[in-house]
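**Student:** test case, fold it:
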Amino acid sequence: MKKDDWNRLFPIHLENHNPQWRVVFQKEKELILSEIKAFDPILIEHVGSTSINGIKAKPYIDILIVIAEELLFNEDLIVRLAALGYTYFLVPKRDDIEAYMSFGKGYNLEGKHEQIFHIHMCPPSNLTVKQIEFRDYLRANPEQAKIYEKLKMDSAKKFKNDRGAYVLSKNEFVQQVLALASN
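**Tutor:** Residues are numbered from 1 along each chain as shown. Have a look, this model is predicted:
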C-alpha cells in the first residue's frame, strides 16, 4: 500500500478525551506481558495524547516498551508480538533518535472499526523514551496540555491526509515542553 492510500484510508481524526483509554491500555498491557514477559521488559507505559486527561486525541493507544539494548530487533520478540496481531515496522534513525522497533495493530483495510494500537519499543538510551517526560509534564500542566490540544486541532485540519506533516508540525512544541520538563 502506498503512503497516499494509507493517508486516505486513515485520515487524522481527533476525538474528545475518553477515560476508557486508560482501561484499554491496561488490558492491552496485560495481553502484551502474557506474550513477552520472558524478555523482561524494563517498562511498559501508556504514552501519546490518549494518556493525557482532557485533551483531544487520535483514538489510538500508544504504548512505549523499554527493553534491554540486546533485544532491539530481536526476531523472537517480533514473532511473539505478531502472535497478538501486531505488524512490525523498523523505524530508521532520524536526527538524534536511533533506530527502534515499532508495531501496529487494529488497522482494518475493510473499514471495520477496531481499536488501533502503536507500540514504540526501544532501549532506555533511545530518545523515544522522552515521551514519558512529555506526557508527565502535560499531565502536571493542564494549561500547556490545552495549548498542545489547540496545536493538534489546527494541524489535524491542515494535514488531515498527511500523517508525516501532522507529526512534524508538533515537533517544535514537543521540544519546548521537553526543555521545560528538564528544568
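**Student:** in this protein, what residue spans correspond to strands?
**Tutor:** Ranges of strands in the chain, per DSSP state E, are 43-47, 60-66, 87-91, 100-105, 116-122.
**Student:** excluding chain neighbours, what is closest to H46?
**Tutor:** In this structure, H46 finds its nearest non-sequential neighbour in F25, 4.1 Å apart by C-beta to C-beta, 6 or more residues apart in numbering. Any C-beta I mention is one placed from the backbone N, CA and C, and that applies to glycine too.
**Student:** nearest to L81, of the strands of the chain?
**Tutor:** For the strands of the chain, proximity to L81 was assessed by C-beta to C-beta; strand 100-105 is nearest, at 5.3 Å.
**Student:** for that closest one, name the packing helices and strands.
**Tutor:** Counting contacts by 3 or more C-beta pairs under 8 Å, 6 or more residues apart in numbering; DSSP states H and E, strand 100-105 is packed against helix 75-82, strand 87-91, strand 116-122.
**Student:** pull the CA coordinates from it and hand them back as CSV.
**Tutor:** What follows is strand 100-105, C-alpha atoms only, in CSV (Å, rounded to 0.1, in the frame of the first residue of the first chain):
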residue,chain,number,x,y,z
TYR,A,100,13.9,1.4,17.0
MET,A,101,11.1,-1.1,16.7
SER,A,102,7.5,-0.2,16.1
PHE,A,103,4.4,-2.3,15.9
GLY,A,104,0.9,-1.6,14.8
LYS,A,105,-2.4,-3.4,15.4
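**Student:** how much space separates E110 from L9?
**Tutor:** Per C-beta to C-beta, to the nearest Å, E110 is found 10 Å from L9.
**Student:** more neighbours: the two, which one.
**Tutor:** Neighbour count, other C-beta atoms under 10 Å: between E110 and L9, L9 has more, with 13 against 5.
**Student:** relative to T87, how far out is the residue nearest to that one when sequence neighbours are not counted?
**Tutor:** Spatial nearest neighbour of L9, chain neighbours left out: L109 (6.8 Å); criterion: C-beta to C-beta, 6+ apart. Using C-beta to C-beta, L109 is found at 12 Å from T87.
**Student:** kindly report the same for N171.
**Tutor:** For N171, the distance to T87 (C-beta to C-beta) stands at 25 Å.
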